[in-house]
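Trainee: just to be clear, the model below is a prediction. Sequence and coordinates:
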Amino acid sequence: MKTNPIVLSILLLPSVAAADKTTDAEKLFNDARSLSTKGHYAEACSKYEESQSLDPGVGTLLYLADCYDHTEQPNRAWKTFREAETMAHASGQHDRAQIAHDAAAAIDPKLAKLKIVLGYAPAPEIRLDGQLVPADTLGVAVPMDPGPHTIEATSPGKERWVTAADVRLHSVLTIEVPRLADVSAARPGPALSPAAPQAPMPPKKHFQSLEPAPLLGIGTQRTVAIGVAGVGLGGIVAGSILGMSAKSTYDSSSAYCQGNHCLSQGLEARDSAYTKATISTLAFAGGALAIGGGAALWFTAPSVQVKPVVGVGSFAVQGVW
């Protein structure tokens, strides 16, 4: 099995497990190395992360970054190697700092990068996924997680500008922020056409006072006819509903009867059915009579006599029933 040159370089350096590390951190680190040797990098990364959180160290960071690289997470690997480089320089471990620097450089071509370009001044406030973009990173290809990102530019008195950027591995996506348009002080409304001249009002006329004429209608008798017929229709509807209910109640009594011999439940059901049937018959008959009466009232109503009443500047119609 070919050993990764980065791991080999790390192994040649002093041991990562310093004497001041806690037992838990050491155990996690050793378990992670064992898993890495067997090719179980996903589980190993998790243990390296736990070990680093318990006892931060340059060596653990180097192993963690290498683990990220093996799990196809180049952006996380690059950032972790850069973090290890910074930590190593701060602690005087320049040999490890060089290892981290070289490893990050080797991963660089794999990264997904975004370059935000601004060709004018003063610069607006630019945000990437809601986070303020530092001015010194404008025009620089910055590694980031692959996938969709949102870029927004705002400035007082200017229109807000937003765009989406789909960043992919092994490539650099360049986004140029355009000049922001001025916010209109007042948006123009629809043009108003000049008002048309109004025709002069005609002189008022003196109207002859007329007694109010009754409105044309169907007459009192026919109004009563409609009411009577409506009551009759309601009676027929109610009779029909009661008739269906009576039949249903009677049919339910068969569960308690043999011919005309019934238990108490069957007798009660049949009595109820007979009562409903009687009321249904009366309602139906009464409704039919009411409809007939309404029809008679309608057709025997007197005809309407209409005569116009004309006055100065007015016209009315009076009707006599």
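Mentor: Received it, and whenever you're ready, just let me know what you need. Numbering: from 1, shown residues only.
Trainee: drop to CA atoms for contacts and neighbour counts, all remaining ones
Mentor: OK.
Trainee: can you tell me how far the closest residue to Gly235 other than its chain neighbours sits from Val224?
Mentor: The shortest distance from Gly235 to any non-neighbouring residue, by CA to CA, 6 or more residues apart in numbering, is to Gly287 (4.3 Å). Between Gly287 and Val224 the distance is 15 Å, computed by CA to CA, to the nearest Å.
Trainee: tell me which of those two has more neighbours.
Mentor: For Gly287 versus Val224, neighbours defined as other CA atoms under 10 Å are more numerous around Gly287 (24 against 14).
Trainee: so who does that one touch?
Mentor: Neighbour list for Gly287: Val231, Gly232, Leu233, Gly234, Gly235, Ile236 [criterion: CA atoms under 8 Å, 6 or more residues apart in numbering].
Trainee: what is the mean pLDDT for the biggest helix by length in the chain?
Mentor: Criterion DSSP state H: the longest helix present in the chain is helix 264-299. Taken as a whole, helix 264-299 carries a mean pLDDT of 82.
Trainee: find the centremost residue of this structure, please.
Mentor: By CA atoms, centre = their mean, the chain has its centre lying nearest to Thr150, at 20.5 Å.
Trainee: helix, strand or coil: sort out that one for me.
Mentor: With DSSP: H, G, I helix; E, B strand; the rest coil as the basis, Thr150 sits in strand.
Trainee: which residues touch it?
Mentor: Applying CA under 8 Å, 6+ apart, the residues contacting Thr150 are Leu128, Asp129, Gly130, Val162, Thr163, Ala164, Ala165.
Trainee: not counting its neighbours along the chain, what's nearest Ala104?
Mentor: Using CA to CA, 6+ apart, the closest residue to Ala104 is Trp78 (5.0 Å).
Trainee: then Ala88?
Mentor: Nearest to Ala88 is Ala97, by CA to CA, 6+ apart, at 5.0 Å.
Trainee: report pLDDT for the residue nearest to Ser171 when sequence neighbours are not counted.
Mentor: The shortest distance from Ser171 to any non-neighbouring residue, by CA to CA, 6+ apart, is to Ala112 (5.5 Å). Reported pLDDT at Ala112 in the predicted model: 91.
Trainee: return the backbone torsion pair for Ala112.
Mentor: Reported as degrees, to the nearest 10, the phi and psi values for Ala112 are phi -90, psi 120.
Trainee: my read: it touches Ala141, true?
Mentor: No - with contact defined as CA atoms under 8 Å, Ala112 does not reach Ala141; the gap is 9.2 Å.
Trainee: more neighbours: which of those two?
Mentor: Ala112 (23 against 17).
Trainee: which residues touch the more buried one?
Mentor: Per CA under 8 Å, 6+ apart, neighbours of Ala112: Asn75, Pro143, Met144, Asp145, Pro146, Val167, Arg168, Leu169, His170, Ser171, Val172.
Trainee: am I right that the first one sits in a helix?
Mentor: Just to be clear, that refers to Asn75. Yes - applying three-state DSSP, one finds Asn75 inside a helix.
Trainee: quickly note the distance from it to Val142.
Mentor: On the measure of CA to CA, Asn75 and Val142 end up 10 Å apart.
Trainee: compare these two (neighbour count), which wins?
Mentor: Higher neighbour count among Asn75 and Val142: Asn75, with 24 against 15, using other CA under 10 Å.
Trainee: what about that one, distance to Ala104?
Mentor: On the measure of CA to CA, Asn75 and Ala104 end up 10 Å apart.
Trainee: any weak-confidence spans in the chain?
Mentor: 1-22, 185-218, 258-259, 261, 303-321 (pLDDT under 70).
Trainee: pretty sure Asp140 contacts Val133?
Mentor: Check again: residue 140 is Val, not Asp. No - assessed by CA under 8 Å, Val140 is found out of contact with Val133, at 11.3 Å.
Trainee: I appreciate the help and will end here.
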